[in-house]
Every structure is written in C-alpha cells, then in structure tokens.
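structure of the sequence below:
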Amino acid sequence: MSTTLKRYSQLAVLTVSAGVIYPLLYLRQNFEVSILEAFGMTLKQLSQGYSILGLMFMLSYLPSGWLADRISPKILIVFSLIMTGLLGVWFSTMPSVGAVQFIFFAWGITTGLTFWSALIKAVTTIGQANEQGRFFGIMDGGRGLVEAILATLAVGVFAYFLNSLGQSTEVALTRVIYIYIGALWLTAPLVFFLLDSPDPETKTVTVEDDGAVKDSLITNLKFILSKPETWYSAIIILTSYQLFWATYSFSGYLQNIYGLSAVAVGTITVAKLWMRPIGGVAAGFAGDFLNRDSVLAILLIASSVSLAILCFVPMGMAAALLILIVLFIGFTTYALKGLYWATLESCGMPDKIKGLAIGVMSLIGFSPEIYLPMINSTLLESYPGRQGYVIYFCGIAACGLIGAWAAWRLKKAVSLQSQ
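Here you go, the predicted structure:
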C-alpha cells in the first residue's frame, strides 16, 4: 500500500470513529422535546446533565493530551467506542434523572479522557504540514457525513415507530438509541484491525532553544502557554464552538417558537447535519489553498451575522426562508469545525508535545460545554418564549466577532514569524 493511500485509509478509520461516538451524547440536537417527554425530566435537568458532561470534558482535556503522548491511539479509541456503547445500553432503559446525570459523567470520560486528544493527535501526525486543512476538513466533514447518515436513519425509524406503528415516544426513542449503540460496536473492531497509527512517544519532552529535550511537564506547559498563537487559536476554537453549540437549541426553538412538529423539526435539523460534510471539506481545502486564518475570520463573521438574523425572522415568514437560514448556519459552523484545528500548525507545536498542546487548547476552547447549557436554560426560564432565545443567540453571535479578531491576529503573528 502506498504511503499516501495508507495515510488516507487511516484518516478514513479515524473519521468513522469520530462520526459514531458523539451523536448518542447529543441526541437533543434532533430529539430534545421527545427526550424530555420520554425520560420525564425538565429542560433544566437535561441541561444539568450536559453541564456535567462539559465539566468532565474540561477536567479530562489535559490528562487526555498526556495519555495521547503515551498510549497508542488505537487502544484508546477502541476502548472509548466499546464503553460509550455500554453506557448507551443503560441510557436506553430511560433510568432516573440521577442515573442519567451519572451516565453523562461517565460519557465525559469515555469520549473525553480516552478519545479526544488521541483522535486529534492521530489526525495531525498522519497529515503533512501542507495537508492539515484538508485532513481536518475531511475528518470533520466525513464524521458529519457519518452523523448525517445515522441521523437520517434515526429520524426515519423514530417517525416509523411513532406514526406508522403508533408506538409511544419512549419506544420510538429507544429504537433510535439502539441504532447509535450498534454503530459504536460495529466500528470498534474496524478501528482495532485497520488503524495502524504509530505509537506516541513514551515520555513528555520539552522543546528548548537549543533543540535539546528533557522530561518536564511543567516546562512543556509553560512553553505552550507562552506562545500568543496558542491563545489566538484557543479563542478561535472557543467562539466557533459557541456558535456550533447554539445549533443544539434549534430543535427547541423551531418547535416551541414556530410551532413545528417533532418530526418536521427532526427533518430540518437532520438536513442541517448534511451541511457538515459539505462545509467541513470545503473549508479544509480552502484553508490549504488560500489562507486558513483569513477563511476562519470570514466564516466567523458570516456565522455570527446569520445567527443574529435567525433571531428576528417574523413568525409569518415562509418556512423555506427559515430552513435556508438554518442550513446556512449549519454550513458555516461545520466549516469552522472542519478548519479550526488546522490552526495547530500555525502554533508551531512539535509532534512530541502536540497531545499536551491539544489538551490545553481544548481546555480553553471547549469551556462552553460547561456554562452554555446552564446559561441557555436560565435565560429560557427567566425570559420565556422568543426573548430568551434572542438574548442567547445574539450574545453568542457577538462573541463570534471576537473570534474573527483572533483569527486576524493569528494571521498577523504567523506572517511575522515567516519574515
């Protein structure tokens, strides 16, 4: 097998694993109201579960990077897929609210600690310097394609059991959960037998001015945090991720404010998922052939403006316009996700500490997982109806403009380095 074919084969396996592991955790994206009904919980209780998940992610990011520098990505990823599925079996029984929150806690370990940094480091190390944009674009776009296929199947099965067979919401939702568990367990052996990524280095190393290395976690962290590019990249990821997280509320927004049915909302949000392979791949290649930091700035502005527009679409406006805006937001946010990790190349991190750098950037960039769920539920409770959504969406849109500034600063910093 040629080196190029082998690298792209490894990328394909990593893409599938990334595509099947997270949809089960984020079922609310397509079935939020149905989850609340089936589990007998409130939006605040569900949001608490996601805050717990976000907290676990935050606590896991640095240790995850440390693990990714020491343990084979294949072992970490296979373990994550199997254990996430096992927790899904428990979730499918629709246990108590306390049990659900514990499941979210455990999912934070199996998809954060043992999975995330291993995935990102594997992708960044198999891609060459001039391929970072397209590799991350293909990975995120490809995982989006996997998620879209699974979501299309899930919504179809949900509608069949709910409408055609006249089953309860609980039964229909259980069948959806089974689909995602099956995908996880089918992918685990695929990763085990096909992924052949190099084992990480056995110890942490420090990059010094003279090129020498030595084992020092603290010094490595100081080196990473001392680079302005690290902070610009982290701000880009944080504001992009906030924009993406806002799309998780589209299901409730369309159903509660515009009065669309659960099946109609599921169909629209699944259509949005199909923007991921398009946006991710397009942004990845654009970032390689143009300038990735400039592309990120444009995408952040476009996504922020379109999210603000969604807040003020009149109630009587044609549904086609509403769908068009949702799809465009989907395209821009998925394009951002497909490109923002390519900024790791702009930061000039050596391969031997990339896992730790990924952990640091993830700790900062994905912090919205902790506070956004609770901000969302608090705003919707304090300002019922459309007003709460308007404050929430517009606040996130404003932060997106800060991300565009960070992308511009990163571009300037890289230009100065190259002179």
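
is it true that Tyr152 touches Val270?
One thing to correct before we go on: residue 152 is Thr, not Tyr. Yes - between Thr152 and Val270 there is a contact under CB atoms under 8 Å: 5.5 Å. All C-beta atoms are positioned from the backbone trio N, CA, C, and that covers glycine.

neighbour count for the two, which is higher?
The neighbour count for Thr152 versus Val270, taken as other CB atoms under 10 Å, is higher for Val270 (21 against 16).

and Gly348, how many neighbours does it have?
13.

where does it sit: helix, strand or coil?
coil (DSSP: H, G, I helix; E, B strand; the rest coil).

got the contact list for it?
Each residue near Gly348 by CB atoms under 8 Å, 6 or more residues apart in numbering is listed here: Lys227, Glu229, Gln417.

from the contact counts, what lies against the strand or helix carrying the second one?
Counting by DSSP states H and E, the secondary-structure element that holds Glu229 is helix 228-246. On a contact count with 3 or more CB pairs under 8 Å, 6 or more residues apart in numbering; DSSP states H and E, helix 228-246 meets helix 292-310, helix 319-339, helix 343-346, helix 354-365, helix 368-382, helix 386-418.

what sits up against the helix or strand following it?
Heading C-terminal from helix 228-246, the first helix or strand you meet, by DSSP H and E, is helix 250-256. In this structure, residues lying in contact with helix 250-256 by CB under 8 Å, 6+ apart are 28-33, 43, 260-262, 264-266, 268-269, 272, 322, 326, 389.

mind doing that once more with 7 Å?
Arg28, Gln29, Asn30, Glu32, Val33, Leu260, Ala262, Val265, Ile268, Thr269, Val326, Tyr389 (CB atoms under 7 Å, 6 or more residues apart in numbering).

so which of these are in helices?
Arg28, Gln29, Asn30, Glu32, Val33, Ala262, Val265, Ile268, Thr269, Val326, Tyr389 (DSSP state H).

closest one of those to Met374?
Arg28 (14.4 Å; CB to CB).

was I right about the closest one contacting Tyr248?
Yes - in this structure, Arg28 is within contact of Tyr248 by CB atoms under 7 Å, at 6.1 Å.

so which bits of stretch 236-256 are buried?
Neighbour counts using 16 or more other CB atoms under 10 Å place 236-256 of stretch 236-256 among the buried residues.

burial of Gly85, as a residue count?
Neighbour tally, Gly85, other CB under 10 Å: 22.

can you give me the pLDDT of it?
pLDDT for Gly85: 97.

low-confidence ranges in this structure?
Applying pLDDT under 70 to the chain picks out residues 1-2, 197-215, 316-318, 418-419.

switch to 50 and redo it
199-206, 208-213 (pLDDT under 50).

buried stuff in stretch 377-389?
Neighbour counts using 16+ other CB under 10 Å place Ser377, Leu379, Leu380, Gly388, Tyr389 of stretch 377-389 among the buried residues.

what residues does it touch?
Here stretch 377-389 makes contact (CB under 7 Å, 6+ apart) with Leu43, Lys44, Ser47, Tyr253, Ile257, Cys311, Ile391, Tyr392.

secondary structure element holding the closest residue to Leu356 other than its chain neighbours?
Once flanking residues are discounted, Leu356 sits nearest to Gly65: 4.4 Å by CB to CB, 6 or more residues apart in numbering. Element membership for Gly65, per DSSP H and E: helix 43-68.

which strands or helices does that helix pack on?
Counting contacts by 3 or more CB pairs under 7 Å, 6 or more residues apart in numbering; DSSP states H and E, helix 43-68 packs against helix 28-39, helix 97-108, helix 116-126, helix 354-365, helix 368-382.

out of those helices, flag the one nearest Ile77.
Comparing these under CB to CB, the one sitting nearest is helix 116-126, at 5.9 Å.

I'd like to know which elements the closest one is packed against.
Helix 116-126 sits against helix 3-21, helix 43-68, helix 73-92, helix 132-159, helix 354-365, with contacts defined as 3+ CB pairs under 7 Å, 6+ apart.
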